[in-house]
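1. Okay, sequence plus prediction incoming.
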Number of protein chains: 2
Amino acid sequence: MIKIAVDCFGGDHSPAAQVEGSLLALEQFPDLSLILAGHEGILQSHLEGKTYDKERLFILHAPDVVGCDEKPTDAIRLKKESSMMKTIRLLREDDTVAGIVSMGSTGALVAAATLRLGRIRNVIRPAFCPILPTMNGGIVGVCDSGANVDITPDYLQQYAVMGSLYLENVYGVKNPRVALLNIGVEAEKGDDLRKKAYELLRETSGINFVGNMESRDLLSGKFDLVVCDGFSGNVLLKSTEGALLEMLGKLKRDIRSRLINKFGALFLYKMFKEEKDFMNYQNYGGSVLLGTAKVVVKGHGSSKATAVTKCIEQAYRMELNSLTEKTEAALDVLFGAQETEE
Amino acid sequence: MIKIAVDCFGGDHSPAAQVEGSLLALEQFPDLSLILAGHEGILQSHLEGKTYDKERLFILHAPDVVGCDEKPTDAIRLKKESSMMKTIRLLREDDTVAGIVSMGSTGALVAAATLRLGRIRNVIRPAFCPILPTMNGGIVGVCDSGANVDITPDYLQQYAVMGSLYLENVYGVKNPRVALLNIGVEAEKGDDLRKKAYELLRETSGINFVGNMESRDLLSGKFDLVVCDGFSGNVLLKSTEGALLEMLGKLKRDIRSRLINKFGALFLYKMFKEEKDFMNYQNYGGSVLLGTAKVVVKGHGSSKATAVTKCIEQAYRMELNSLTEKTEAALDVLFGAQETEE
């Protein structure tokens, strides 16, 4: 049995989406058990009348909520009774609980997970690795998308190792092609960080480093994992998402602006629906935080039930495939098995 | 008469696109005079049979060409007889020539312009400012898109001043709304560079700083100028462009994949053509280099004739509206009129 805790408060559709998504996940995976964290009375009212396996769903009462703009340190210090902080405490204390899924404040989640759960041995800092669809029907991971903005080349080396294992073990990508986000493809491109990282990645055994990638090729399907600092990763991700959504909005407006367009679009209804689904990042789950001692999945604040289910599935598969242990073993090979300083 | 030099070699369609684009520009602007730099015999053969005002077109013979992957320092040192380096030399020596338009190597152009032409007083480093179309029919400038990857907050301050003047004087944007590219909109977001830059921009008189911008809002029309380091600016620009082009390609493939789609698309032919034009960055001219003592416009390597004309128009309007002088005056107000050290 794999046990995952779901932080049910935080996000635009909480707790309805979290509860519904949890029930869907329980149906999908018979060896999954869920702990729903949040105000017990409210959660019970959302569960009322629903059919589910009561032996695989538990409630962790937490009367408080971390606000989405709360300062991370304040959230940790002052919101001890919140669904997020109580879940983190549970993870810390209960060895049988594998991980947390949360749609709440990103900053608070990263801070609490890093400080309270600790890191996998040798990990400098945990990093986010969201997954995007590529234009040829595949996927690409981006690590880091915003957890760490000030980094050194060895961060990028670790992202490559952790991200490769994630793609292999959770998505079945064999020998993932790892690229370094840069402003040109040639080896000598970029700033000092990129030049040094390029050399380091080239020398790192156990990964399949294929060189630099320009941001325009993110969705090309030529790469499985892109490693980058959290600032440019965030820019990369949000500008790609933003451009696609803006374009879709423009198409919609332009179709409505002329009768002949509206008529033609009738025949393309199914196709446009598919494009919209394709661009809906909710269909690809949340950003997992790689490098923490337990599984952490951050879902988008706007997640609806199916997106919550996807996030739970990610956490489930990470645990099922022992990603934490495999990551530890791989980093031990590179950096030794002595305990890192806290 | 405004005199501009066009580097006719370098770029995918050179020199045909450069020659044709130049002739179009001459037709468009009666007080424009052009110097075409490149191999005289080849240029003459391209001009043969064409009608144009011979009193406003000159040839600067340059037998050599800077390769697109050439090391900038090698290009400056070894390619003295190239069309790019001879044009830069002409600009340096001839006060009557206002600027250069080139589709050649970006690195070589930036290095040669900065080293040989010099900077406007107080400018730390010249920076690129390309223009993109926004989804509501406006434009947005991005400064810097890749000239300087290692920067300090005062670079961003100068980008804001120079970019604002550019948008006002060349595009008629009144009181341009300046945003700082960041990973969140709140004032305290981002790394040290961003936090310090935010404060500095807020205190800078003469610009209309409106706060942080997330990359997803680049095309929203809410901002006129985005300032950023060259690395993330490059990521921002290329991922936006990449996502739009990949999406257009996907739509095309999906339309062709089913008969009903093909049928529906017949009615949308005109709309799709417009979307394609909208996303064609060639229609928005080149990246101007702000901060050099003379006007420098870098066109895309894939520029065709109309894109070359657009670039010439940019250079022409920069000179027509005395952008260099206005930039110098604005920076003098902020930093004083003493000469900067070289």
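-> That came through, no problem.

2. quick one, phi psi at the most centrally placed residue in chain A?
-> A centroid search over chain A (CA atoms, centre = their mean) returns A:Ser287, at 1.0 Å, as the residue closest to the centre. A:Ser287 adopts backbone torsions of phi -90, psi 120, taken as degrees, to the nearest 10.

3. List the contacts of it.
-> By CB atoms under 8 Å, 6 or more residues apart in numbering or on different chains, the contact list for A:Ser287 reads A:Phe128, A:Cys129, A:Pro130, A:Ser145, A:Val297, A:Lys298. Placement of C-beta: from N, CA and C, glycine included.

4. what do you get for A:Cys311?
-> A:Gly21, A:Val101, A:Met103, A:Gly285, A:Gly286, A:Val297, A:Gly299, A:Ser303.

5. which of these has the weakest pLDDT?
-> pLDDT across the contacts of A:Cys311 is lowest for A:Gly285, at 84.

6. for it, phi and psi?
-> According to degrees, to the nearest 10, A:Gly285 has phi 80, psi -170.

7. before we move on, the earlier item: of the contacts of A:Ser287, which belong to strands?
-> When DSSP state E defines the strands, the subset of the contacts of A:Ser287 inside them is A:Phe128, A:Cys129, A:Val297, A:Lys298.

8. one step back: export the contacts of A:Ser287 to TSV and tack on neighbour count?
-> As requested, the contacts of A:Ser287 are exported to TSV (neighbours: other CB atoms under 10 Å in any protein chain shown):
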residue	neighbour count
A:Phe128	27
A:Cys129	26
A:Pro130	22
A:Ser145	26
A:Val297	26
A:Lys298	26
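
9. can you tell me which two in these are farthest apart?
-> A:Ser145 and A:Val297 (13.3 Å; CB to CB).

10. what comes up buried for stretch A:274-286?
-> A:Glu275, A:Phe278, A:Met279, A:Tyr281, A:Gln282, A:Tyr284, A:Gly285, A:Gly286 (16 or more other CB atoms under 10 Å in any protein chain shown).

11. scratch that, stretch A:102-118
-> Buried residues in stretch A:102-118, counted by 16+ other CB under 10 Å: A:102-114, A:116-118.

12. which phi and psi does the closest residue to A:Ala293 other than its chain neighbours have?
-> Closest residue to A:Ala293 apart from its sequence neighbours, by CB to CB, 6 or more residues apart in numbering or on different chains: A:Gly118 at 4.5 Å. Backbone torsions for A:Gly118, taken as degrees, to the nearest 10, come to phi 80, psi 170.

13. Pull up the gap between A:Gly118 and chain B, please.
-> 24 Å (CB to the nearest CB, to the nearest Å).

14. One more: A:Gly190?
-> Plainly put, A:Gly190 is 6 Å away from chain B if you go by CB to the nearest CB.

15. Return the residues in contact with the closest residue in space to that residue that isn't next to it in sequence.
-> Spatial nearest neighbour of A:Gly190, chain neighbours left out: A:Asn182 (4.6 Å); criterion: CB to CB, 6+ apart. Contacts for A:Asn182 (CB under 8 Å, 6+ apart) come out as A:Lys189, A:Gly190, A:Arg194, A:Tyr198, A:Asn212, A:Met213, A:Glu214.

16. Could you work out the most separated pair of those residues?
-> A:Tyr198 and A:Glu214 (13.8 Å).

17. between these two, who's got more neighbours?
-> Set A:Tyr198 next to A:Glu214 and count neighbours by other CB atoms under 10 Å in any protein chain shown: A:Tyr198 wins out with 22 against 19.

18. and the gap between that one and A:Val161?
-> A:Tyr198 sits 16 Å away from A:Val161, taking CB to CB, to the nearest Å as the criterion.

19. do A:Asp254 as well
-> 45 Å.

20. Over to A:Arg253?
-> Taken as CB to CB, the span from A:Arg253 to A:Val161 is 45 Å.

21. A:Met135 now?
-> 27 Å.

22. Contact partners for A:Lys174?
-> A:Glu168.

23. again, but for A:Ala147
-> Counting by CB under 8 Å, 6+ apart, A:Ala147 touches A:Val110, A:Arg125, A:Pro126, A:Ala127, A:Phe128, A:Gly230, A:Leu289.

24. Can you give me the neighbour number for the second one?
-> A count of nearby residues for A:Arg125, using other CB under 10 Å, gives 18.

25. is it true that it touches A:Thr114?
-> Yes: in this structure, A:Arg125 is within contact of A:Thr114 by CB atoms under 8 Å, at 7.1 Å.

26. how near is A:Ser33 to chain B?
-> Taking CB to the nearest CB, one finds A:Ser33 at 35 Å from chain B.

27. what's the nearest residue to A:Glu168 if we skip its chain neighbours?
-> A:Pro176 (6.3 Å).

28. which one of A:Met135 and A:Val161 has more residues nearby?
-> The residue with more neighbours, out of A:Met135 and A:Val161, is A:Val161; 26 against 18, by other CB under 10 Å.

29. That one belongs to a helix?
-> Yes: the assignment for A:Val161 is a helix, going by DSSP: H, G, I helix; E, B strand; the rest coil.

30. Count residues in the vicinity of the closest residue to it other than its chain neighbours, would you?
-> Distances taken as CB to CB, 6+ apart put A:Ala330 closest to A:Val161, at 5.4 Å, once the chain neighbours are dropped. Counted with other CB under 10 Å, the neighbours of A:Ala330 add up to 19.

31. A:Ala330: helix or strand, and which one exactly?
-> Assigned by DSSP states H and E, A:Ala330 falls within helix A:323-335.
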